[in-house]
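Visitor: Starting from these lines, generate the structure:
(chains A, B, C and D)
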Number of protein chains: 2
Amino acid sequence: MGGKTGAMEFPNTGDFLAGRLRDKLDRDDLEFIETLVTEERAVGTGDVLLSRGEVADTSAILISGYMFRTIESGNRRFIVGVHVPGDFVDLHAFALKRLDHNVVAAGPVTYGVAPHARLRQALEQRPRVARALWFATLLDAAIHRKWIQMLEQLDAPRRIAHIYCELHRRFELIGQVNARSLRTPFTQIDLADMCGVSAIHANRAVGKLRELGLAEIRRGDLYTSDWAALYEYAQFNPDYLYGDGPLRFDQDWL
Amino acid sequence: MGGKTGAMEFPNTGDFLAGRLRDKLDRDDLEFIETLVTEERAVGTGDVLLSRGEVADTSAILISGYMFRTIESGNRRFIVGVHVPGDFVDLHAFALKRLDHNVVAAGPVTYGVAPHARLRQALEQRPRVARALWFATLLDAAIHRKWIQMLEQLDAPRRIAHIYCELHRRFELIGQVNARSLRTPFTQIDLADMCGVSAIHANRAVGKLRELGLAEIRRGDLYTSDWAALYEYAQFNPDYLYGDGPLRFDQDWL
DNA sequence: CGCATCCTTGAGGGCCATCAAAATGCGTGG
DNA sequence: CCACGCATTTTGATGGCCCTCAAGGATGCG
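Guide: Numbering: from 1, shown residues only, chains lettered A, B, ... in the order given. Here you go, the predicted model:
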C-alpha cells in the first residue's frame, strides 16, 4: 500500500490512475472516487473474484497484491492480463454485465468493493469521473494490444523479460519500485501461462535470462542490477502505459 | 452496406453495436448516434486514418470495408486488431487523446467522421449513449483478450481459421454473411502479421486448411462448405463477441 | 507486355512441445 | 529438530512447428 500520490489520504483508491490521469482530477473527484469503495476484503492465491458468465453487482479495485485475468479452455488455463494495485480489475464487468474471463488472485490480495449503483451514479452525475473510469479500461485495452504484439514478436525469454519490465514500470507509476528487485508470487507455471509456452520451456527461458546476466528469477521474484539492459533485451518501450512520455494525456478535458 | 438493423434509416451508424447492445437503445438514442457523424469519407489500401502519437479532434466509424490496428516495431509491422463495418475504430483516441498504435485501411474503405465535440456532448448529456460508446470499446478489449489466448494456444493454421471464424460471426451480427464465402482484401502477409508467423509459414498454414478440406483461401477470400467444421477446428467459441449466448447483455440499464 | 506484388515450394536450422525423471524447497506433523 | 509429502523447479532426449535463405511461378495493373 502506499503510492506517493496520496495513499495516506485515499487508502482504497490512492493508486488509481496514479502517474497517468490522476493529476488531472480535482480533489472533489478524488474524494468521490474514494467513496465508490464501501468495503475492503482479502483473499488468497487462486481465489476467484469473478468468474466467466457470472453477473455481479459490485466491482473491485485492487489495493495490494496481484491478480490475473484468465481464460479456461479445455483443461488448460491461459493468462491474458495481470493487475497491480490501483487497477480497477473488473470495471469491465460493470459495463459488459458479464465477463468473458475470470478474475483470480495471484497470491495474497486486498481489494476494495465498489457497488455498481455507485458507479451508475458517477456515470449520470460525474462526467469527469465517468471519463476517468473509461480511460482506465482503455489503458487495459492498450496493455492487451501490447501483449498481442509481444506474443507475435518475441521469443520466450524476451516475453518473460517484457512482462517483468511492464510490471516494473507499472509499479513505478504508483511509486512502489525497489531499485534491484521486483517481488511477485508467480510460479513458473504462471509465467508459462502468460507467455503461451510450456512450463518446462518457461524454466529454460528463466535460465537463459540468468545465463545472459540480465536477471535472476527465483520463486517469482526478479533480481537485476540493470533494468535498462533488461528493457532493451525485451524491446520494452513503456509509452503504451501512458505515463510520462510522448503519449501522455496532457490536455484539459471536459 | 446494410445490416438488417436499420442501415436504410441510419446509413452511417446503422451497424453500430448491431446484434449486441443496439436493441437496448431507443429511437432517440439511435438518432443521436447517427448525428454524431458529420461527414463521410473514403480511403484505400494502406491509407492511415490515425497514426501513433497523433492528436485528433475527430473519431471514425467504419461504414464499409476493413481496417487494421497496427504497431510498428523495428521495420516490422504487427497487426493487433481488425475492424468491420459498424465498429467505432478510433473511439479509443477520443478518451486516450493519443493512440499507442496506427489505424490503417485494409482495402477500400468508407467511414463516417465524428467530431470529438459531439462525443463530449454525448458524455455530458446522454449517459445511455455514453455507456454504449464505453461498451463498444470494451468489446474491442474482449476481442483483444481472445487474440491473446489464440496466440498462446493455437498453431498457425488454427490461428488463421480462428481469425476468419471471428470475422464470419462479426458479419453475422451485422447481417452481412454469405453462406459459403467470406470476402476480404487480406494478403497472406496480412495474415502472417496477425498471427505472428512469417509470410512463408502463413502460406503453408493456408495450404494445410486446404489439404484438410476445411477451407480454401484465395487472395484473402475464404470459401468453405462447412463453417461448423471450421469453428471446431479453430476451437472458436463466439461468446466473447457478446451476441446471442450466455454472455449476452440482457439487463435493463440506466 | 513488362513490372511489381503476391503466392508457392525446397532445404537446413532454431525454438519449443512432450515424455520421463530427478532434485529442490516449503509446510506440516511427529 | 527431523521426517514426510507435495508442489515447484531443473535436466535430458526426441520430435514437431516455425524460422530464414533462396528461387521459381502466378496474378494483376499500367
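Visitor: For the residue nearest in space to the middle of chain A, what are phi and psi?
Guide: Nearest to the mean C-alpha position of chain A, counting by CA atoms, centre = their mean, stands residue A:83 at 2.4 Å. Main-chain torsions, residue A:83, degrees, to the nearest 10: phi -120, psi 150.
Visitor: Who does it form a beta bridge with?
Guide: residue A:67 (DSSP bridges).
Visitor: is it true that it touches residue A:66?
Guide: Yes. Contact between residue A:83 and residue A:66 holds when scored by CB atoms under 8 Å: they sit 6.7 Å apart. For the C-beta atoms, the positions are set from N, CA and C on the backbone; glycine is no exception.
Visitor: Residue A:117: neighbour count?
Guide: Residue A:117 has 10 neighbours, counted by other CB atoms under 10 Å in any protein chain shown.
Visitor: typed the wrong thing, it's residue A:204
Guide: Residue A:204 has 14 neighbours, counted by other CB under 10 Å.
Visitor: Where does it fall, secondary structure wise?
Guide: helix A:199-211 (DSSP states H and E).
Visitor: Who are the contact partners of the closest residue to DNA strand D within chain A?
Guide: Taking CB to the nearest atom of the strand, DNA strand D has its nearest neighbour within chain A at residue A:188, 3.1 Å off. Shown in contact with residue A:188 (CB atoms under 8 Å, 6 or more residues apart in numbering or on different chains): A:199, A:202-203, A:206.
Visitor: 6 Å - rerun?
Guide: When contacts are counted by CB atoms under 6 Å, 6 or more residues apart in numbering or on different chains, residue A:188 touches A:199, A:202-203.
Visitor: And for the closest residue in space to it that isn't next to it in sequence, the neighbour number?
Guide: Sequence neighbours aside, residue A:202 is the residue nearest to residue A:188 in space, at 4.9 Å (criterion: CB to CB, 6 or more residues apart in numbering or on different chains). Around residue A:202 there are 25 other residues, counting by other CB under 10 Å.
Visitor: go on, the one 5 residues further on?
Guide: The criterion is other CB under 10 Å. On that basis, residue A:207 has 12 neighbouring residues.
Visitor: Is stretch A:246-254 in proximity to chain B?
Guide: Yes. For stretch A:246-254, a contact with chain B is found by CB under 6 Å from any CB of the partner chain, at A:246-247, A:249, A:251.
Visitor: An error on my part: the question was meant for stretch A:138-153.
Guide: Yes. Stretch A:138-153 lies within reach of chain B by CB under 6 Å from any CB, at A:138, A:141-142, A:144-145, A:147-149, A:151-152.
Visitor: Looking at that stretch now, give me its mean pLDDT.
Guide: Average pLDDT, stretch A:138-153: 98.
Visitor: Show me how far it is from its chain's centre.
Guide: For stretch A:138-153, the distance from its own C-alpha centre to the chain's C-alpha centre is 12 Å (CA atoms, centre = their mean, to the nearest Å).
Visitor: For that stretch, C-alpha coordinates in CSV please.
Guide: Extracted in CSV, the C-alpha atoms of stretch A:138-153 (Å, rounded to 0.1, in the frame of the first residue of the first chain):
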residue,chain,number,x,y,z
LEU,A,138,-8.8,1.8,-22.3
LEU,A,139,-5.5,1.5,-20.5
ASP,A,140,-6.3,-2.2,-20.0
ALA,A,141,-7.0,-2.4,-23.7
ALA,A,142,-3.7,-0.8,-24.6
ILE,A,143,-1.9,-3.3,-22.4
HIS,A,144,-3.8,-6.1,-24.2
ARG,A,145,-2.6,-4.8,-27.5
LYS,A,146,1.0,-4.8,-26.3
TRP,A,147,0.6,-8.4,-25.2
ILE,A,148,-0.6,-9.3,-28.6
GLN,A,149,2.4,-7.7,-30.2
MET,A,150,4.7,-9.3,-27.6
LEU,A,151,3.3,-12.8,-28.4
GLU,A,152,3.6,-12.1,-32.1
GLN,A,153,7.1,-10.8,-31.9
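Visitor: What are the contacting residues of that stretch?
Guide: Here stretch A:138-153 has contacts from A:159, A:162, A:196, A:240, B:71, B:78, B:80, B:92, B:95-96, B:100, B:141, B:144-145, B:147-148, B:151, B:196, using CB under 6 Å, 6+ apart.
Visitor: mind running it again at 7 Å?
Guide: Here stretch A:138-153 makes contact (CB atoms under 7 Å, 6 or more residues apart in numbering or on different chains) with A:20, A:81, A:159, A:162, A:196, A:240, A:242, B:69, B:71, B:73, B:78, B:80, B:92, B:95-96, B:100-101, B:137, B:140-141, B:144-145, B:147-148, B:151-152, B:196.
Visitor: is any part of it close to DNA strand C?
Guide: No. Judged by CB under 7 Å from any atom of the strand, stretch A:138-153 stays clear of DNA strand C, getting no closer than 9.8 Å.
Visitor: So which residues on the stretch 151-254 of chain A come close to DNA strand D?
Guide: Residues of the stretch 151-254 of chain A lying near DNA strand D (CB under 7 Å from any atom of the strand): A:187-189, A:199-200, A:203-204, A:206-207, A:218-220.
Visitor: so can I have CSV of those residues showing distance to residue B:117 and pLDDT?
Guide: What follows is those, written out as CSV (distance: CB to CB, whole Å; pLDDT from 0 to 100):
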residue, distance to residue B:117, pLDDT
A:187, 50, 98
A:188, 51, 98
A:189, 50, 98
A:199, 52, 98
A:200, 55, 98
A:203, 54, 98
A:204, 54, 98
A:206, 51, 98
A:207, 55, 97
A:218, 54, 96
A:219, 53, 95
A:220, 48, 97
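Visitor: how about the helices in the stretch 1-150 of chain A?
Guide: For the stretch 1-150 of chain A, helices defined by DSSP state H, counting those that start in this stretch occupy the ranges A:27-34, A:91-96, A:116-125, A:127-153.
Visitor: Low-confidence stretches in chain A?
Guide: A:1-7, A:253-254 (pLDDT under 70).
Visitor: Break it down into its domains, please.
Guide: A:21-141, A:151-241 (automatic domain parsing).
Visitor: Can you name the residue of chain A nearest DNA strand C?
Guide: residue A:201 (3.0 Å).
Visitor: Spatially nearest residue to that residue (excluding sequence neighbours)?
Guide: residue A:156 (5.7 Å).
Visitor: which ones are touching the one you found?
Guide: Residue A:156 sits next to A:195, A:197, A:201-202, A:205 when contact means CB under 7 Å, 6+ apart.
Visitor: Try it again at 8 Å.
Guide: Neighbours of residue A:156 in contact, by CB under 8 Å, 6+ apart: A:195, A:197, A:201-202, A:204-205.
Visitor: Next, work out how far apart the residue of chain A most remote from its centre and residue A:198 are.
Guide: Relative to the centre of chain A, the most outlying C-alpha is that of residue A:211, 28.6 Å out, by CA atoms, centre = their mean. Between residue A:211 and residue A:198 the computed distance is 19 Å (CB to CB, to the nearest Å).
Visitor: Then residue A:29?
Guide: The gap separating residue A:29 from residue A:198 is 46 Å, by CB to CB.
Visitor: Give the full set of residues in contact with residue A:43.
Guide: Contacts of residue A:43 by CB under 8 Å, 6+ apart are A:49, A:105, A:108-109, A:111.
Visitor: correction: residue A:20
Guide: Residue A:20 touches A:135, A:139, A:173, A:241-243, A:248-249, counting by CB under 8 Å, 6+ apart.
Visitor: Just name the closest of those residues to residue B:179, please.
Guide: Within the contacts of residue A:20, the smallest distance to residue B:179 is 40.8 Å, found for residue A:139 (CB to CB).
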